[in-house]
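J.: fold the following.
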Amino acid sequence: MMQQLRESTKVIMVIVAVAFVGLMVFEWGMDLSGRSSQQGGATSLGSVDGADISVEDYQRQYQILYEQAQSQSPEGLTREQLEQIEQQAWDDVVNLTLLRHEARERGIRVTDSELVEYIKFNPPSDIVSMPAFQTGGQFDIAKYQAALADPTLQQTWIEYETQLRVTLPIQKLQEQVIAGTVVTDAEARATFRERNERARIDFLFLDPEILAREAASVVSDAEIRQYYEAHKDDYRRGESARIRYVRFEPQVTAADSASSRNRADSLAAAARADGADFAALAQRNSDDSVSAANGGDIGWMRPEALDPAIRAVVETLSVGQVSDPVMSPFGWHVLKLEAGTETQVQLRQIVVAVEAGPEGRDASRQAAQEFARAASAAPGAFPDEATRRGLEVHEPPVFEKGLVIPGLGSAAELNDFVFANEKDAVSGALSREGGYYVVQVEERFPEGFVAVEQVAGEIRTELGRQKQLERTREIAPQIAAAIRETGLEGAAAAFGLRVETTDWFTRINNIPGIGSGSPVAGAAFGLAQGQSAGPVETSRGLYFIRLIDHQPADEEAFQREKEILRQELRGEKMRERFNAWFEARRAAAEVEDRRAQLLGV
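T.: Predicted structure coming up:
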């Protein structure tokens with residue numbers, strides 16, 4: 001069993017992120033002895049299927065999340081951010097409590113002999129990179145095992161044992177859930193085919209906005225009213241408002257750019273040092289939280305899917321080599337090539353974001369405050385001041401109280417301001433994602449159905465689009481007949497259209513000039529070379545296509561890459577299987593939340 005646990009650790013620690021066990025156990029040790037719910041003096045903040053959640057557990061997790069958020073927002077946390085931290089901390093403790101309870105209910109336990117065996121051959125990750133446990137720059141298992149008997153380190157091993165008594169039963173639980181997950185050769189071959197079979201086509205695009213432009217102009221008021229009545233439930237909304245706002249983004253200074261580059265250089269040097277643990281460096285330092293959680297691993301990628309600058313660097317790397325920092329739109333990347341085949345590469349990365357420092361943030365806050373004062377000085381001043389200062393005024397659609405605001409997301413401070421003030425009120429400088437914005441309330445609407453007059457323009461546009469598409473469908477048979485007689489080129493000339501040619505595409509990637517997820521791909525791979533098909537309808541319009549060339553997936557390449565692909569797909573299947581199980585288990589759990597009574601949350 002312990003051997004199986006070791007073999008599945010990498011997958012399990014990815015899966016465990018669903019329940020936040022990795023964060024909670026290895027970063028803050030949430031009462032790992034399990035005593036908190038049994039001590040008479042401990043206060044229960046809630047429960048999961050009868051298993052208590054202590055105030056102490058919740059407060060520990062809240063403190064960790066608070067400190068993490070505070071380190072990323074030196075200007076201070078908004079009320080919205082604090083509310084998100086409170087909810088995240090609660091979700092974390094509920095999830096871990098649920099998993100521990102489920103493991104106990106299933107009778108899952110770890111024997112002392114299993115625990116000793118595991119500790120003997122699985123050191124804590126931080127110890128692996130410590131010079132005291134290395135020989136010649138490499139981790140030395142003998143030194144680690146000798147340290148297990150060192151009485152001066154007894155407390156360290158007691159803490160490690162306590163952690164494992166929680167995590168190993170949960171890993172066993174996860175192993176039970178994902179047991180029997182297999183990937184067949186047929187599944188691997190189908191995926192390889194989707195990724196590697198390629199085609200090129202000629203196509204005619206029947207654009208409704210061009211071929212049937214006039215159809216959109218014949219939408220009557222009666223049709224708008226009829227559509228409104230048929231879809232009236234779509235226009236029911238709670239208390240709502242319309243606003244306009246301007247953004248003030250902090251500017252990145254030369255010093256900010258230099259600081260980011262210096263940090264990236266330092267991390268690249270650390271990653272190249274003898275015995276360096278790239279995964280540990282990525283977990284601690286990468287600004288990309290998604291890949292950082294997996295030790296910087298971004299999985300297997302086709303080179304053409306990479307940013308061009310990154311791809312150029314990756315092509316120069318040998319397996320195991322660490323790159324110099326390379327810039328992309330997301331910041332500086334320090335890359336390590338883990339493995340590669342003829343068609344794919346496996347990479348790890350450390351990302352260093354290029355962000356504005358305190359000077360830039362202070363300047364943007366000051367600019368927002370100055371604009372807010374000027375924009376509130378007189379009625380109508382908001383748009384005039386924006387124009388005078390060269391600022392873009394954003395006017396999102398009407399939104400309901402408490403819901404996501406288009407362009408701004410879920411902003412509690414903004415909701416509070418808008419629904420506590422009347423028309424034309426102007427806010428101060430509101431903080432959002434490192435920048436600032438100033439808002440003016442344009443209109444407030446009570447709860448109920450939106451008046452047809454307020455959505456007439458929206459409905460007119462939709463009906464016009466439908467009429468254009470219907471008229472294009474009526475034209476399509478004429479074009480199909482012309483294609484049969486004179487080919488794509490003849491039909492294009494007759495109807496004032498243009499034959500376009502795509503680059504190579506696969507069954508799953510973006511088709512240049514057409515888009516991704518289109519039924520055009522399915523139609524193209526069903527054709528013989530030179531054969532035409534259509535009309536193929538998409539959300540954009542209709543297409544007639546002709547297959548120029550087709551390259552089947554290389555069977556020899558599939559055989560070489562099959563095992564790697566099967567491992568990748570098996571990992572995906574296990575994650576999906578565990579996620580589905582956990583979501584269902586969480587939904588079925590009886591969760592009692594007493595935070596409001598005890599903490600006022």
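J.: next, count neighbours for the closest residue in space to Glu590 that isn't next to it in sequence.
T.: Closest residue to Glu590 apart from its sequence neighbours, by CB to CB, 6 or more residues apart in numbering: Asp49 at 5.5 Å. Where you see a C-beta, it was placed from the backbone N, CA and C, and this is true even at glycine. Neighbour count for Asp49, taken as other CB atoms under 10 Å: 15.
J.: try Glu342
T.: Neighbours of Glu342 using other CB under 10 Å come to 9.
J.: and the strands in the stretch 51-200 of the chain, which stretches?
T.: 51-54, 134-135, 138-139, 198-206 (DSSP state E, counting those that start in this stretch).
J.: where does the stretch 51-200 of the chain dip in pLDDT?
T.: For the stretch 51-200 of the chain, applying pLDDT under 70 flags the ranges 74-76.
J.: for it, what spans make up the helices?
T.: Shown for the stretch 51-200 of the chain, the helices assigned by DSSP state H, counting those that start in this stretch span residues 55-72, 79-105, 112-121, 125-128, 141-147, 154-178, 185-196.
J.: please report how far the residue nearest to Ile141 when sequence neighbours are not counted lies from Gly137.
T.: In space, and not counting its chain neighbours, Ile141 is closest to Phe121: 7.3 Å by CB to CB, 6+ apart. Between Phe121 and Gly137 the computed distance is 21 Å (CB to CB, to the nearest Å).
J.: same check on Ala533?
T.: Taking CB to CB, one finds Ala533 at 60 Å from Gly137.
J.: between those two, point out the one with more neighbours.
T.: Between Ala533 and Gly137, counted using other CB under 10 Å, the more crowded position is Ala533 (18 against 10).
J.: shouldn't that one be within a strand?
T.: Yes - Ala533: assigned to a strand according to DSSP: H, G, I helix; E, B strand; the rest coil.
J.: residues contacting it?
T.: Ala523, Ala524, Gly526, Leu527, Phe544, Ile545, Arg546 (CB atoms under 8 Å, 6 or more residues apart in numbering).
J.: break the chain down into its domains, please.
T.: What automatic domain parsing lists as the domains of the chain is 2-181+572-598, 198-225+453-551, 239-251+358-446, 254-352.
J.: and the last one, end to end?
T.: Yep, that's domain 254-352 we're talking about. 16 Å (CA to CA, to the nearest Å).
J.: how about the residue nearest to Glu590, phi and psi?
T.: phi 50, psi 40 (degrees, to the nearest 10).
J.: was I right about Asn95 contacting Arg586?
T.: Yes - with contact defined as CB atoms under 8 Å, Asn95 counts as touching Arg586 (7.1 Å).
J.: out of the two, which sits in the more crowded spot?
T.: Asn95 (21 against 17).
J.: and the gap between that one and Leu347?
T.: Taken as CB to CB, the span from Asn95 to Leu347 is 30 Å.
J.: what's the answer for Arg365, then?
T.: 38 Å.
J.: tell me which of the domains of the chain lies nearest to Gln559.
T.: Of all those, domain 254-352 sits nearest to Gln559, with 11.5 Å by CB to CB.
J.: that closest one: how far from the chain's middle?
T.: 19 Å (CA atoms, centre = their mean, to the nearest Å).
J.: got it, and stretch 78-94?
T.: With CA atoms, centre = their mean, you get 19 Å for stretch 78-94.
J.: what does stretch 336-354 give?
T.: 19 Å.
J.: okay, how far is it across it, tip to tip?
T.: The first-to-last residue distance of stretch 336-354 comes to 20 Å (CA to CA).
J.: how about it: buried residues?
T.: For stretch 336-354, a neighbour-count test (16 or more other CB atoms under 10 Å) marks 336-338, 340, 343-352, 354 as buried.
J.: before we move on, what about stretch 435-449?
T.: Counting neighbours by 16+ other CB under 10 Å, stretch 435-449 gives Gly435, Tyr436, Tyr437, Val438, Val439, Gln440, Val441, Glu442, Arg444, Phe445 as buried.
J.: JSON lines for these, including distance to Tyr62, secondary structure and pLDDT?
T.: Listed next are these as JSON lines, based on distance: CB to CB, whole Å; DSSP: H, G, I helix; E, B strand; the rest coil; pLDDT from 0 to 100:
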{"residue": "Gly435", "distance to Tyr62": "26", "secondary structure": "strand", "pLDDT": "82"}
{"residue": "Tyr436", "distance to Tyr62": "27", "secondary structure": "strand", "pLDDT": "88"}
{"residue": "Tyr437", "distance to Tyr62": "28", "secondary structure": "strand", "pLDDT": "89"}
{"residue": "Val438", "distance to Tyr62": "32", "secondary structure": "strand", "pLDDT": "92"}
{"residue": "Val439", "distance to Tyr62": "30", "secondary structure": "strand", "pLDDT": "92"}
{"residue": "Gln440", "distance to Tyr62": "35", "secondary structure": "strand", "pLDDT": "93"}
{"residue": "Val441", "distance to Tyr62": "34", "secondary structure": "strand", "pLDDT": "92"}
{"residue": "Glu442", "distance to Tyr62": "38", "secondary structure": "strand", "pLDDT": "92"}
{"residue": "Arg444", "distance to Tyr62": "35", "secondary structure": "strand", "pLDDT": "90"}
{"residue": "Phe445", "distance to Tyr62": "37", "secondary structure": "strand", "pLDDT": "87"}
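J.: let me know the closest of these to Gly360.
T.: Gly435 (9.8 Å).
J.: got a pLDDT number for the residue lying closest to the closest one once chain neighbours are set aside?
T.: Nearest residue to Gly435 in three dimensions, chain neighbours excluded: Glu249, at 4.5 Å (CB to CB, 6+ apart). pLDDT, Glu249: 86.
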